[in-house]
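**Q** Return atomic coordinates for the entry below.
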Amino acid sequence: MPYWKLYYHFVWGTKNRLPLIDSTLEPDLYRAIAAKVIEMGGFVHALGGVEDHAHLAVSIPPKIAPSKFIGDVKGNSSHYVNHVTKPDFEFYWQDTYGVFSFGERNLSAVVRYIHDQKKHHAEGTWIPEMEMMADEESN
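**A** Next up is the predicted model:
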């Protein structure tokens, strides 16, 4: 088995940045995300967000491309919401995302930032560079 230490910070939004992730949906949604990460051989360091986007600090095996990883995580979690949690609800993620790699010495700062998402957004103390994801046109 190869040895690896790879750290990624993913950020992605709901389709059209709609505020769909409320306190009733969030626990099930985050459990679905974490379960998929583990299924793919990854490790969740932190998972959090606000009503219209999510952040994930994760380590994933080098055999999985980050684009494949996040596509599977997003697809699985939206499918879970639409077919298990809230079958009469339409929940979709935007197609785009942001991903940043970082070193182990920054892990605690990234984890703290993700865990404090609601506070950062309420107080306007969020870091623009850590919130970047490509915008997409509304359909």
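**Q** Name the residues that touch the lowest-mean-pLDDT helix or strand in the chain?
**A** Lowest by mean pLDDT, DSSP states H and E among the helices and strands of the chain is helix 117-123, with a mean of 89. Contacts of helix 117-123 with the rest of the structure, by CB atoms under 8 Å, 6 or more residues apart in numbering, involve 48, 49, 50, 55, 113, 125, 126, 127. Where you see a C-beta, it was placed from the backbone N, CA and C, and this is true even at glycine.
**Q** tell me which residues in it are buried?
**A** Buried residues in helix 117-123, counting neighbours by 16 or more other CB atoms under 10 Å, are found at 117, 120, 121.
**Q** Then stretch 89-101?
**A** 91, 93, 94, 97, 98, 99.
**Q** Export those to TSV and append columns for secondary structure, pLDDT and distance to residue 20.
**A** Formatted as TSV, the buried residues of stretch 89-101 follow (DSSP: H, G, I helix; E, B strand; the rest coil; pLDDT from 0 to 100; distance: CB to CB, whole Å):
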residue	secondary structure	pLDDT	distance to residue 20
91	coil	94	6
93	strand	97	10
94	coil	95	11
97	coil	95	16
98	strand	94	19
99	strand	96	22
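**Q** Name the nearest of these relative to residue 131.
**A** Nearest to residue 131 among these, counting by CB to CB, is residue 98 at 7.7 Å.
**Q** give me the beta-bridge partners of the closest one?
**A** residue 11 (DSSP bridges).
**Q** count of neighbours near residue 60?
**A** A count of neighbours around residue 60, defined by other CB atoms under 10 Å, yields 22.
**Q** Please list all residues in contact with it.
**A** 6, 8, 37, 40, 41, 42, 66, 69.
**Q** Many thanks, I have nothing further to ask.
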